[in-house]
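S.K.: sequence unknown, structure follows:
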């Protein structure tokens, strides 16, 4: 290296980094420590950045599964019926990502094509750009929940987390459609994400002005356009899991270059991701089992079956295995074991036998059986009340006759007593 050349830092796709250039030993040590902390420990995240992809913002379902739902939306099919070859894109772009993220989630992919799906927000024409513009302040109103039926049958049941990825094709009357950023520049990706929901990419087909086609034609998105679209989607997926779509910041004293991976995540990024998920899964497992213990203690009539006890043991064994693997630096195995521990803890907490008791208190049974026993109890109570009144009334009447008879006896005794005196000898 020449003396005048600046120092460059290259982050590899695996767990390596290189410092290129002429640099003093003390500066090299400081730069190495900065690289180690900023990238190998924090995954390139700056201080004060959002905690997207961590803790409660982790895009993984309670059962440890994720559904990547891809939807191609055509605002006006009269401009053209669009289709895509997602199976090929799945093999080229998604399969490596699914394989890389397998330790933290069981990922499945599904797709659909929808027509007559206009957006909810309103765009405006910009003469300088020669296109229609929608700004970031209108993004909350872009997704049209009334017209975009994105829920599929696969995601209708279960506790899986669904991430929606929408490719929106605007109508010819609103083409090209560009996203303007707060700084006034247009977005390079022409897309945006919604945390814990997914992302949207606006794909402008070959716009032909406002001229309406005389005949509706069928169009398939070309492989080149599919590659551009899925490059944006992979960047959105990285953002949802807590990483940057691209790294623009440098290091103190040098320029930074980061090599990308075909799997969407480098090895050192996956290590950081596995550690984050392992920590959250173990914390969630411990919290769930603690809640289960308090629930069992609060319900003395609950009978803990052998199946529940076995699942608790398996969950604890998986948690111990995750801790051991993390201490050995085997982060993928640690993440997989922690996911198993969390899933088992969630399954045992939501076991049908436990739910039937925890959600069935005494008031619940009273509310259920009251309609059956209330009419009978009412009749019995009315009959008992009548009998009691009759008994009380009869007793009072008997007392009245007894007092009347006794009064007559006393009066007759007083009348006869002098007569006995007159005839005494």
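M.R.: Structure received. All figures in this text were calculated on a predicted structure; none of them were measured in a lab. Numbers count the residues shown, from 1 in each chain.
S.K.: Give me the pLDDT value at residue 240.
M.R.: Listed pLDDT for residue 240 reads 90.
S.K.: Excluding chain neighbours, what is closest to it?
M.R.: In space, and not counting its chain neighbours, residue 240 is closest to residue 59: 5.2 Å by CB to CB, 6 or more residues apart in numbering. Quick note: C-beta positions are derived from backbone N, CA and C, even for glycine.
S.K.: Same question for residue 261.
M.R.: residue 13 (4.6 Å).
S.K.: List the contacts of that neighbour.
M.R.: Neighbour list for residue 13: 259-261, 266-267 [criterion: CB atoms under 8 Å, 6 or more residues apart in numbering].
S.K.: Pick out whichever of those residues sits closest to residue 120.
M.R.: The closest of those to residue 120 turns out to be residue 260 (CB to CB; 34.5 Å).
S.K.: Contacts only, for that closest one.
M.R.: The contact partners of residue 260, taken as CB under 8 Å, 6+ apart, are 13, 266.
S.K.: in a helix, that's where it is, yeah?
M.R.: No - according to DSSP: H, G, I helix; E, B strand; the rest coil, residue 260 belongs to no helix; its state is coil.
S.K.: so the residue nearest to residue 261 is in which element?
M.R.: For residue 13, there is no enclosing helix or strand under DSSP states H and E.
S.K.: Please pick the buried ones from the contacts of residue 13.
M.R.: 261, 266-267 (16 or more other CB atoms under 10 Å).
S.K.: What pLDDT does the model give the residue nearest to residue 261?
M.R.: On the pLDDT scale, residue 13 gets 83.
S.K.: mind listing the helices for the chain?
M.R.: Using DSSP state H, the helices of the chain run over 25-35, 86-89, 95-100, 223-240, 267-298, 306-328, 331-349, 352-358, 362-422.
S.K.: which one of those lies closest to residue 129?
M.R.: helix 223-240 (19.5 Å).
S.K.: contact partners of that closest one?
M.R.: Taking CB under 8 Å, 6+ apart as the rule, helix 223-240 contacts 52-53, 59, 68, 70, 84-85, 88-89, 92-94, 97, 163, 165, 167, 189-191, 193, 195-196, 198-199, 201, 203, 221, 244-246, 264-265.
S.K.: Quick check: strands, which of the residues you listed are part of them?
M.R.: Counting by DSSP state E, the members of those that fall within strands are 68, 70, 163, 165, 167, 191, 193, 198-199, 201.
S.K.: Name the member of those with the shortest distance to residue 145.
M.R.: Residue 145 lies nearest to residue 198 out of these, by CB to CB, at 13.3 Å.
S.K.: neighbours around the closest one, how many?
M.R.: 23 (other CB atoms under 10 Å).
S.K.: Please name the nearest non-neighbouring residue to it.
M.R.: residue 164 (3.5 Å).
S.K.: In this structure the one you found contacts residue 71, no?
M.R.: Yes - with contact defined as CB atoms under 8 Å, residue 164 counts as touching residue 71 (6.8 Å).
S.K.: Touching both of these two, which residues are there?
M.R.: residue 150.
S.K.: Give me the neighbour count for residue 170.
M.R.: 24.
S.K.: list the contacts for the closest residue to it other than its chain neighbours?
M.R.: Using CB to CB, 6+ apart and skipping residues adjacent in sequence, the residue nearest residue 170 is residue 177, 4.3 Å away. Residue 177 is in contact with 123, 131-134, 170, 190, 202, 204, counting by CB under 8 Å, 6+ apart.
S.K.: What's the ChimeraX syntax to select whichever of the contacts of helix 223-240 are buried?
M.R.: If you want just the buried ones from the contacts of helix 223-240 in ChimeraX, going by 16+ other CB under 10 Å, the selection is:
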select :52,53,59,68,70,84,89,93,94,97,163,165,167,189,190,191,193,198,199,201,203,221,244,245,264,265
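S.K.: Outline the domain layout of the protein.
M.R.: Annotated domains of the chain cover 65-241, 267-358, 367-411 [automatic domain parsing].
S.K.: Looking at those, which is nearest to residue 7?
M.R.: Shortest distance between residue 7 and the domains of the chain, using CB to CB, is found for domain 267-358: 20.3 Å.
S.K.: Tell me how many other residues crowd residue 146.
M.R.: A count of nearby residues for residue 146, using other CB under 10 Å, gives 7.
S.K.: ugh, wrong one, I meant residue 383
M.R.: So residue 383, with other CB under 10 Å, has 10 neighbours.
S.K.: So for it, what's the pLDDT?
M.R.: On pLDDT, residue 383 comes in at 83.
S.K.: Could you check how far it is from residue 136?
M.R.: The spacing between residue 383 and residue 136, counted by CB to CB, to the nearest Å, is 75 Å.
S.K.: With residue 291 instead?
M.R.: Distance, residue 291 to residue 136, using CB to CB: 40 Å.
S.K.: Check residue 234 too.
M.R.: Distance from residue 234 to residue 136, by CB to CB: 22 Å.
S.K.: repeat for residue 175
M.R.: 20 Å.
S.K.: what do you get for residue 322?
M.R.: From residue 322 across to residue 136, the span is 40 Å (CB to CB).
S.K.: These two - which one has more neighbours?
M.R.: More neighbours surround residue 322 than the other of residue 322 and residue 136, with 27 against 14 (other CB under 10 Å).
S.K.: Tell me who's in contact with that one.
M.R.: Neighbouring residues of residue 322 by CB under 8 Å, 6+ apart: 278, 281-282, 334-335, 337-338, 341.
S.K.: Could you rerun that using 7 Å?
M.R.: Neighbouring residues of residue 322 by CB atoms under 7 Å, 6 or more residues apart in numbering: 278, 282, 334, 337-338, 341.
S.K.: Looking at residue 213 now. What's its pLDDT?
M.R.: Here the pLDDT value assigned to residue 213 is 56.
S.K.: correction: residue 209
M.R.: Confidence score, pLDDT, at residue 209: 51.
S.K.: Ok, residue 179 next?
M.R.: So residue 179 comes in at 90 (pLDDT).
S.K.: right, and it touches residue 189 too?
M.R.: No - here residue 179 does not reach residue 189: they are 8.3 Å apart, not a contact under CB atoms under 7 Å.
S.K.: just to revisit the earlier point, tell me which of the domains of the chain sits nearest to residue 32.
M.R.: domain 267-358 (14.1 Å).
S.K.: Show me which positions of stretch 162-180 end up buried.
M.R.: Result for stretch 162-180 [16+ other CB under 10 Å]: buried residues 162-172, 174-180.
S.K.: can you check stretch 300-311 too?
M.R.: For stretch 300-311, burial by neighbour count (16+ other CB under 10 Å) applies to 302, 308, 311.
S.K.: Much appreciated, bye for now.
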